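A.B. asks: Just to be clear, the model below is a prediction. Sequence and coordinates:
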Amino acid sequence: MVKIACIGAGYVGGPTMAMIAYKCPDIRVTVLDISSSRIAAWNSNNLPIYEPGLMEIVEQVRGKNLFFSDQVDQGIQEADIIFVAVNTPTKKLGLGAGRAADLTFWELAARRIASVATTPKIVVEKSTVPIKTAEAISSVLHAAGKTSFSVLSNPEFLAEGTAITDLTMPDRVLIGGTMDEKGIKAAQALASVYAHWVPRERILTTNVWSSELSKLVANSFLAQRVSSINAVSAICEKSGADVDEVARAVGMDSRIGPKFLKASVGFGGSCFQKDILNLVYLCESMGLADVAEYFHWVVKMNDLQKQKFVERIIHGLFNTVTSKKIALLGFAFKKDTGDTRESAAIEICRRLIEEKAQIAIYDPKVEHEQIWSDLSSVCPVELVEIQKLVTICSSALEACSNAHAIAVATEWDEFKMIDFEKVYETMSKPSFIFDGRNVLDHAALRKIGFVVYAIGKPLDPMLNVV
Ligand SMILES: NC(=O)c1ccc[n+]([C@@H]2O[C@H](COP(=O)([O-])OP(=O)(O)OC[C@H]3O[C@@H](n4cnc5c(N)ncnc54)[C@H](O)[C@@H]3O)[C@@H](O)[C@H]2O)c1
Ligand SMILES: O=c1ccn([C@@H]2O[C@H](COP(=O)(O)OP(=O)(O)O[C@H]3O[C@H](CO)[C@@H](O)[C@H](O)[C@H]3O)[C@@H](O)[C@H]2O)c(=O)[nH]1
C-alpha cells in the first residue's frame, strides 16, 4: 500500500488529503501538524476549518485510510510520498519584508524530513513558493539527508468555499519535476495518485520552475481581473454606467470570459496579495522594475478600493460617523468560509474604529475570537478600547437594529433573505445601505426608503456629492 503524508493540516493540507484518501482507498494518508490542537480538531466533529462538503468526506474516510497526527517524525518515516503544505506568509521582518515569501516553515519542514527519513521519499511542494524553492529545498535534503529524495512542485489551485468541488473536478493538476530519469519517475508516481479520479489530459507535467511560476501567475491574473473591474467601477460611478452590465457585456467575449469580473469592496484571502507581492519581489530581484511595478498596481488598486468604500460611508453619513452605529454584515474574505485572512472587513473596521464609530459585526461562520484577534492586530489601541466601539452579534437583525447604516462586506447568501422592511423600521433616518458586494436587491431597498450605495452603480442623489 502506498503511504502518503502531508506536513501542514491547514486549508490546503486538510481538504486535499481528505480528497486523496476518499478517491484512493488503496492509499493510506496521514496529515501531520506541529499544532496538537489543530490535529485534535481534525479528529473531532468540529473541524478547524469550515468548508462546504468537507465534513461529509472526512467522516467517510477518517480512521480508515485518512489519519490526522501530531507525530510528525513517525509520519515522515512511514511515508513514500510527503506533501508539504505549510504556510508561506509574506515576510514581516528582514530582507524583502512586506513582499518576499517567508519560507521559514517550509525550510523547517524540509530539515525535519532530512533528519528523520531513512527510506527514499518523493517530497511534493504543495505550498505556494517563489521560483527555485524546490531547488533550494533539494539542496537542503541532499546535504543533510541519509537517503535519496525527489522533489516535485505540485501547486494547489483550490479556492476556499468551493474547495471540495475544485478538488473533485480540477481544471488541471500541475506537476513540475526535473527532466532526468529519477524526476520523470517521481512525477509519474504522483500523477498516478491523481489519475484515480482526474482525467489524464488534465494532469500536466512540466519543469519545476515553470510549475512554481505558473501558480504565482495564475493568482496574479485572477486578482488583476478583480482590480480591473474595480477600476471600471469607479468610472461607472462617475458616468452613470452599471458595472454589472459592463462586466456582462465584456465577459460574453469568449476571449475574456465571465468569471472573476464581480466588482467588490476589494479582494481578500491569504493568497492573492501575498502571491502578487511575492511575484513583485521576484521581478525586482531579477532587475525587472517595470514588470514589478505593473503587477504591484493590482495590489495598490485593491488597497484604494477598500479605502474608497470606507470614505463613501463616512461622506454618505454627512462626513462624520463618530458615535453612529454601523452594522457590518460579513467578516470573512468571501462567502462559505470562516477565513478572515486579508479580509476587506478588517480594513473597513480599522478605519471606522479610527473615526470612533459604533460597529456591530455579524458573520455566520467567523469565530468571535478571530474577529477580536484581527482587530487587535490592526488597531493601535488595547482590546478593551476596541470593545467599547465594537460588538459582535449573533444575527444580522441584531446587528442592524437601530443602526444608522448597514455595510455589506461579504456576499453571504443569507443576507439576501434579511427582512429589510423590519430592519428599516428600527433604523435612524435617513437609513443607509452600503453594499460592498452588490448582492442585495437595490430597487426593493430604495422602495422601502433606504439610501443605497452599490459598487459601480448609478449613485443615489444623496450620495452624489463626492
Ligand atoms: N488557503 C488556500 O486556499 C490555498 C490555496 C492554494 C495554495 N495555498 C498555499 O498553501 C500553503 C498552505 O496554506 P494554508 O492556507 O493551508 O495554510 P494554513 O495556515 O491554514 O496551514 C498551514 C499549517 O501548517 C502547519 N505547520 C507550519 N509549519 C509546520 C511544520 N514545520 N511542521 C508541521 N506543521 C507545520 C501550521 O501549524 C498550519 O496548521 C500556503 O503556501 C498557501 O499559499 C493556499
Ligand atoms: O469576481 C470576483 C472574484 C473574487 N473576488 C474576491 O477575490 C478574493 C479571492 O477569491 P477566490 O479567488 O475565489 O478565493 P481564494 O480562496 O483566495 O482562491 C484564490 O487563491 C487560492 C490560493 O492561492 C488559489 O488556489 C485559487 O485558485 C484562487 O482563486 C475574495 O475576497 C473574493 O471575494 C472578487 O471580489 N470578485
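C.D. replies: Great, that's in hand. Treat the numbers as computed from the prediction; the structure is a model and nothing was measured. Numbers count the residues shown, from 1 in each chain. Ligands and ions are numbered 1, 2, ... in the order given.
A.B. asks: So which other helices or strands are in contact with the helix or strand residue 83 falls within?
C.D. replies: Residue 83 belongs to strand 81-84 when assigned by DSSP states H and E. On a contact count with 3 or more C-beta pairs under 8 Å, 6 or more residues apart in numbering; DSSP states H and E, strand 81-84 meets strand 2-7, helix 13-23, helix 104-116, strand 121-125, helix 181-194. (Each C-beta comes from the backbone N, C-alpha and C, glycine too.)
A.B. asks: Tell me which of the ones you listed sits nearest to ligand 1.
C.D. replies: helix 104-116 (3.6 Å; C-beta to the nearest ligand atom).
A.B. asks: Return the distance of that closest one from the chain's centre.
C.D. replies: Helix 104-116 has its average C-alpha position 25 Å from the chain's average C-alpha position, going by C-alpha atoms, centre = their mean, to the nearest Å.
A.B. asks: swap in stretch 192-199?
C.D. replies: Worked out by C-alpha atoms, centre = their mean, stretch 192-199 lies 26 Å from the chain centre.
A.B. asks: Would you mind pulling the contact partners of that stretch?
C.D. replies: 2, 4, 20, 23, 24, 27, 81, 168, 170, 173, 203 (C-beta atoms under 8 Å, 6 or more residues apart in numbering).
A.B. asks: Weed out the non-buried ones from those residues.
C.D. replies: Buried by 16 or more other C-beta atoms under 10 Å: 4, 20, 23, 24, 27, 81, 170, 173, 203, out of these.
A.B. asks: what's the pLDDT at the last one?
C.D. replies: The pLDDT attached to residue 203 in the predicted structure is 98.
A.B. asks: Go ahead and confirm it touches residue 171.
C.D. replies: No: if you go by C-beta atoms under 8 Å, residue 203 and residue 171 don't touch, sitting 11.4 Å apart.
A.B. asks: what touches both of these two?
C.D. replies: By C-beta under 8 Å, 6+ apart, no residue touches both residue 203 and residue 171.
A.B. asks: If you count neighbours, what's buried in the lowest-mean-pLDDT helix or strand in the chain?
C.D. replies: Lowest mean confidence among the helices and strands of the chain (mean pLDDT, DSSP states H and E): helix 133-144, at a mean of 91. For helix 133-144, the neighbour count (16+ other C-beta under 10 Å) marks 133, 134, 136, 137, 138, 140, 141 as buried.
A.B. asks: can you check stretch 45-63 too?
C.D. replies: Result for stretch 45-63 [16+ other C-beta under 10 Å]: buried residues 47, 48, 49, 50, 51, 54, 57, 58, 61, 62.
A.B. asks: could you pull out the strands for this protein?
C.D. replies: 2-7, 27-32, 66-69, 81-84, 121-125, 149-153, 173-177, 203-207, 325-329, 358-362, 390-392, 405-408, 432-435, 451-454 (DSSP state E).
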